[in-house]
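A.B. asks: here is my input, please return the structure:
(chains A, B, C and D, ligands or ions: 4)
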Amino acid sequence: MSHDHSLNPETMPQEPEKATHEGKNKFLGLWFFLGGETVLFASLFGTYLALRNSTADGPSSQDLFGLELVFIMTILLLTSSLTSVYAMYHMKNNDFAKMQLWLGVTALLGVGFLAFEIYEFAHYITDYGFTFRSSAFGSAFYTLVGFHGGHVAFGLSWIIVLMARNAKRGLNLYNAPKFYSFSLYWHFIDVVWVFIFTVVYLMGMVS
Amino acid sequence: MSSAATQKRGFGAMLWDYLTTVDHKKIGILYLIGGGFFFLLGGLEAMIIRIQLLVPENDFISAGLYNEMITMHGTTMIFLAAMPLLLGLMNVIMPLQIGARDVAFPFLNSLGFWLFFLGGILLNCSWFLGGAPDAGWTSYAPLSVQSPGHGVDFYVMGLQLSGAGTLIGGINFLVTIVTMRAPGMTYMRMPLFTWTTFITSILILFAFPALTVGLFLLMFDRMMGAAFFDVALGGNAIIWQHLFWIFGHPEVYILILPAFGVFSEILPTFSKKRLFGYTAMVFATILIAFLGFMVWAHHMFTVGLGPVANAIFAIATMAIAIPTGIKIFNWLATMWGGSIRINSAMLWALAFVPTFTIGGMTGVMLASTVADYQYHDTYFVVAHFHYVIVGGVVFGILAALHYWWPKIFGRILNEAMGKIAFWLFFIGFHLTFFVQHFLGLMGMPRRYWVFLEGQGLDTGNLVSSIGAFLMGIGGLIFLINIIYSSVKGEKASADPWDGRTLEWATASPPVHYNFKQLPLVRGLDPLWIEKMEGKGKITPAEPLDEIHMPNGSILPLIMTIGFFIASFGFIYQTDHKAWLIAIYVGMAIALGAMLTRSLKDDHGYHISKEELEREAE
Amino acid sequence: MKAWLGKFKSLLMLSGIALLLAGCGKENLSAFIPKGPNAETSLNLIILSLAIMIFVFIVVMLVYVIVLVRFRQKKGQEDYIPKQVEGNKTLETIWTVIPIILVLILAVPTVTATFELADNSGAEEGLNVEVTGNQYWWHFNYQGQEIQTSQDMYIPVGEPVYLNMASTDVIHSFWVPSISGKMDVNPENTNTMYIEAEEEGVYWGKCAELCGPSHSLMDFKVIAVSQEEFDQWVSDMQNVDPEAQPEGAVAQEGQSLFQENSCVACHAIGSSPVATGPNLTSFGDRTTLAGVEEPTKENIVDWLLNPEAMKPGNKMTGNYPELTEEEASSIAEYLMQLQPSEITPEDAGN
Amino acid sequence: MANNPNTSKLKMNSFQRQKKKEEMKKQVISFALMIGFTLIAFGLVGFSEMDSMFLVPILLILAVVQVGFQFYYFMHMKDKDHEMPAVMIYGGVFAAMLTLAALIVITWW
Ligand code: HEA
Ligand code: HEA
Ligand code: CUA
Ligand SMILES: [Cu+2]
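C.D. replies: Numbers count the residues shown, from 1 in each chain, chains lettered A, B, ... in the order given. Ligands and ions are numbered 1, 2, ... in the order given. Predicted structure coming up:
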């Protein structure tokens, strides 16, 4: 490493995540990846929509879903989106400590979300006997929501590793793009969730 | 095959070098070797198919094995031969054409290659482990769900791995083209091959996720008892067909567009004329890609989607003839008034024009719904897609190999052998596939293990098989040419064909940092411009300075091996739960490698200015 | 639309193209020799599109040949640099517009024909047959008529017959090239189509969707007979006595073996809806055995002793008690006598 | 460029600070709106007797608008230098729409 990438506020560029060539590449690469993820989730949503009434005499969406839990999960995830915005705000102000703090809050909210989701699945399985194998609807439901949950879990491990790795080093131009990429990814997870609570839960309880 | 320096270092060191390389040129060569190997395998499978169909009611191979043969032939050729060969060419050539020193994500580039390669190996392991997949390359559910044994499981996991590799490759190329063009290389000055790489990568980005999901659904149904395609539990098998073709049709343009790019480089070079209608060519490419997403249901005309859907998709499909026609005529106009030199590279390009036109036109015939009720799933379709795939994609790859071989390997392929191989392959090709149009309409469905006696199908099939053997011999001669030329071939200069684009402005083979100083691009066909202005050399865009290069890494290979092991776990855990261990171990290896990657900073290294100066011209 | 397409076709007849095509393939199997209105509509479109394609191909080849002859580099011209042409608006417009027109010429009749063939409005009054695809045989249930057959399907000539098709296992595809294009037979829904034969005949049908090892052996027949003959067939089939004694001791022995050996569990005789295996009511009149073999006694015995050798992967193998050669032979004797109707494939002229 | 990241040495001046503050304010407002939309959506399903013919489109519109906020404000797609990301996301949305159309039609037919 021939240059010290650590920066003090005096030398901080406006957009540290895009200040280096590698950073710009990461930034674009992640965006493009999200473009692909859009199609991935669309395929899962489509499959779910095609099969959501195929309950094979098992429990249906009206039997299963309740508003309260989903509402709490939604608020948790939406808030975590805002906290990651705060983290990026502090990153741009080169305030590493605050950035870590807000990322920590984000991660905690994510963990909370995931815990509720696991609880929800366990509830369906034990109380309703509604599993992945019950019906085509069951397969589609667990696959769609589970894929999203998997994304949350991956995002959590990502941010925890990033925070731990850089805790002692502070912000620099090498890791700023990584933090920024995480925040983009996290927002995207939130976007997917917005459609899940709308299409799966809310629409599932209506029709 | 590569430079003398590597050969001196001994085999072990060279192997390690290739296993850890992140150099786009070496990764490109790896893709070419891997793709070439699978092409040979797919060709062998094709020969076995044609031997089985040599005479009516033949029993050269059994019915079950025949189905495995066609499935593996189709899958291998599309996913493991044609696409990787193209990705290899893109990898080597595209960064050179835009005047870049590497791709945007060298590490991911290597990961993409290993995922493809081990995915292909995984798929082919099935031959030795109880039988290959046998539900066709399209693996329609519920046949693919009910298929006994583990064949289809290997299909699922193998394609999932290699598909992930392709997706990574696509994103990598996209970012490379967006951020790493040399100074002055605006979008509208990019060579057509770079343009088609760009558009193809977009297609990869948006098409592959549908396949990924389809494969997951199939995996869940087969390995975990899900019910997506299980009609008894409310499942719906048509979902697979939609997902497969939403991916599958863009896939065929993923194959053909880079080939179009190749011809758009070769035809101008050997006509000594700039590409006619450059702007139209670019927009035609974009239009083909765009329309390519809206026609998938033409593979499903007989599924019963109803007349409205069928009519819409028929018209959308026919519309693709228009941008493609623009391309054909622009190529002809490029040659018109030129000064045409014919060598093997040009021969393949010239053969492409009429051959692909026939294939494209049978495509339009297929798009006519009611006519397709007759063509669908018959040898007419087989004839159509071999005309476009062999006549377009394979001819394109072979043309590109002859054209860029000197650049990639520093030696020129033997002309005489090149021409013999061409004529054998070309004549064999038309013998094989032209009659198949008629066979189809005469009542021969595809994927038929045997055809019966006395149905008027004997002669056609015989001719077809003979043609296939000619192609086989042609392929063999090409292989000999490769071996012969890599030992005895004429050494190539930097610019053996009087080229026009930037790749010809650097040494053959290029130094590992490609360009000592990034080139300054002053227009379309930058090298040609400099030649016409009497300089013959590219103006540098920057003073000589140290160059930043990425470090090699073994991690991509280790990561992939982890996934490879885990795949076996997934496949066999249905037999015995002990195989779950393989999943855990494999995933641990893969995740461990990822963790290592993120914990260990990798800033690359610098080639100092002095060192560069020492490496004299 | 049909009329002018028809005229167009006769025009091409003269030019010899259609003649060339007509020489292609076997009668009653080839799509080139249509024997029904659907196949004709398809063929008309095929010929129209082919004509357009030949026109395009000739244009392309003309330019191509001129280019190759005129613009080859000549000796001594190695240094000649041709003019670097950027493009030409007029030319480029021409080769954009002409293909658009050609595509439209093809698109309009395509769309009309698509809707025409999907028109099922006659199904209410017409003859409805429920078609079931099975690995690797076909079953036909004449709806409202109490008639079940397998492998051979009788239809009246000149009448559209409405098919309601579904599969019991994987996807198959119903294709009788000389009468009509194909339609998939899916497990999850019922697809409808109609077929009509204009001439009497035994038309060859094939399964066109990969369905397993014996996919290529899943043939069937559509037997078109005159309306009177068809009515006769219907009444014969409705009056079958499933218990009727065959002639001769061997055949009678065969009949009891057939009952005892659980054959009846899968094979119905008469109009019973059991259809785990082909309905054998009129087995003696079948054109083929198991869809592909000559229905000789020898072959039937071979089938009963080892079906796997004839049709790999079929669903009968291993699911019935083993038979001795003698038993098989008596059963064959019995089965060959199952000829309940006066109407046989011979009446269709072939 | 890659090897001298300090080229764009910029001192954070008060103007820029101001701009960031304002940006942040916009984002907080977006967040408030998103929460608002969410409440409306849940409220409509929980407490209103609206016909699903009307309800479903309203729910979808609420979701789309909310997602617009995420992309344009939280993820900065409105900013300059985001042309390529926007192209790719719209491309993805285009392919996604087709996929959805295909699979939804299955249930109608
Ligand atoms: C490289 C691969 C490739 C390419 C480029 C194409 C190109 C085209 N394909 Fe093909 N196709 C396949 C690979 C490809 N195809 C494969 C693999 C299958 C089978 C998959 C399977 O089932 O296993 C298939 C199947 C297939 C079907 C389904 C058939 C069936 O199963 O029933 C259809 C139907 O519409 C079709 C149409 C077309 C069309 C309209 C084009 C067009 O893009 C062609 C456009 C080109 C031209 C038309 C020629 C040049 C134009 C002019 C000179 C201008 C003037 C022309 C006119 C006015 C007509 N293809
Ligand atoms: C890229 C795609 C591709 C290519 C190139 C080919 C090439 C060939 N194909 Fe294939 N084919 C498919 C894709 C392809 N095919 C697909 C998708 C199917 C459908 C499968 C299904 O139904 O599911 C199919 C089906 C198919 C069938 C129908 C089977 C059936 O329906 O029952 C037949 C029958 O004749 C056939 C024949 C051939 C022949 C003779 C060749 C010949 O052209 C092959 C000649 C090649 C060689 C002999 C190899 C030569 C080797 C070299 C030149 C070495 C190069 C080395 C280096 C570069 C290092 N193919
Ligand atoms: Cu049934 Cu093929
Ligand atoms: Cu297609």
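
A.B. asks: and stretch B:444-462, is it in reach of ligand 2?
C.D. replies: Yes: applying CB under 6 Å from any ligand atom, one finds stretch B:444-462 touching ligand 2 at B:446-448. To be clear about C-beta, it is placed using only N, CA and C from the backbone, and glycine gets the same treatment.

A.B. asks: I'd like the average pLDDT over stretch A:80-97.
C.D. replies: On average, the pLDDT along stretch A:80-97 is 90.

A.B. asks: what of stretch B:587-602?
C.D. replies: The pLDDT scores in stretch B:587-602 average 91.

A.B. asks: which of the three states applies to the closest residue to ligand 1 within the stretch 51-200 of chain B?
C.D. replies: Across the stretch 51-200 of chain B, no residue is closer to ligand 1 than B:T138, which sits at 5.6 Å (CB to the nearest ligand atom). Secondary structure of B:T138, reduced to three states by DSSP: H, G, I helix; E, B strand; the rest coil: coil.

A.B. asks: not counting residues beside it along the chain, what's closest to it?
C.D. replies: B:F244 (5.9 Å; CB to CB, 6 or more residues apart in numbering or on different chains).

A.B. asks: mind listing what that neighbour touches?
C.D. replies: Contact partners of B:F244, counting by CB atoms under 8 Å, 6 or more residues apart in numbering or on different chains, are B:138-140, B:210-211, B:214.

A.B. asks: can you show me the helices along chain D?
C.D. replies: D:14-47, D:52-69, D:83-108 (DSSP state H).

A.B. asks: and the shortest one, what does it pack onto?
C.D. replies: Going back to what we said before, that points to helix D:52-69. If you count contacts as 3 or more CB pairs under 8 Å, 6 or more residues apart in numbering or on different chains; DSSP states H and E, helix D:52-69 packs onto helix A:176-195, helix A:203-206, helix D:14-47.

A.B. asks: and it with helix D:83-108, angle?
C.D. replies: 160 degrees (axes from the mean of the first three to the mean of the last three CA atoms, to 10 degrees).

A.B. asks: give me the mean pLDDT for helix D:52-69.
C.D. replies: 89.

A.B. asks: follow-up on the earlier one: single out the most deeply packed of the helices of chain D.
C.D. replies: Neighbour counts (mean count of other CB atoms under 10 Å in any protein chain shown) averaged over each of those peak at helix D:83-108, with a mean of 19.

A.B. asks: and that helix, anywhere near chain A?
C.D. replies: Yes: residues of helix D:83-108 contacting chain A under CB under 8 Å from any CB of the partner chain: D:84-85, D:88-89, D:91-93, D:95-97, D:99-100, D:102-104, D:106-107.

A.B. asks: could you list which of these also contact ligand 3?
C.D. replies: Okay, of the residues of helix D:83-108 next to chain A, nothing touches ligand 3 (CB under 6 Å from any ligand atom).

A.B. asks: give me phi/psi at the residue of the stretch 51-200 of chain B closest to ligand 1?
C.D. replies: Here is the backbone geometry of B:T138 (degrees, to the nearest 10): phi -90, psi -10.

A.B. asks: B:L595 - how many residues pack around it?
C.D. replies: For B:L595, the count of nearby residues is 13 (other CB atoms under 10 Å in any protein chain shown).

A.B. asks: SS state for the spatially closest residue to it that is not a sequence neighbour?
C.D. replies: The spatially closest residue to B:L595, leaving aside those adjacent along the chain, is A:V161, at 6.8 Å (CB to CB, 6+ apart). Here A:V161 takes the helix state, with states given by three-state DSSP.

A.B. asks: didn't A:V161 look like it was pressed against B:L599?
C.D. replies: Yes: using CB atoms under 8 Å, A:V161 makes contact with B:L599 at a distance of 7.3 Å.

A.B. asks: neighbour-wise, which of those two wins?
C.D. replies: Taking other CB under 10 Å, A:V161 and B:L599 do not tie; A:V161 has more neighbours (16 against 10).

A.B. asks: who are the contact partners of the more buried one?
C.D. replies: B:595, B:598-599.

A.B. asks: ok, the residues you listed vs A:G36, which is closest?
C.D. replies: Ranked by distance to A:G36 (CB to CB), these are led by B:S598 at 21.1 Å.

A.B. asks: residue contacts, the residue in chain B positioned nearest to chain C?
C.D. replies: Of all residues in chain B, B:Y373 sits closest to chain C, at 2.3 Å by CB to the nearest CB. Neighbouring residues of B:Y373 by CB under 8 Å, 6+ apart: B:301-302, C:38, C:42, C:117, C:180-183.

A.B. asks: one more pass at 10 Å, please.
C.D. replies: If you count contacts by CB atoms under 10 Å, 6 or more residues apart in numbering or on different chains, B:Y373 has them with B:301-302, B:310, C:31, C:38-39, C:41-42, C:45, C:113-114, C:117, C:175, C:177, C:180-183, C:193.

A.B. asks: does it count as helix, strand or coil?
C.D. replies: B:Y373 ends up helix, using three-state DSSP.
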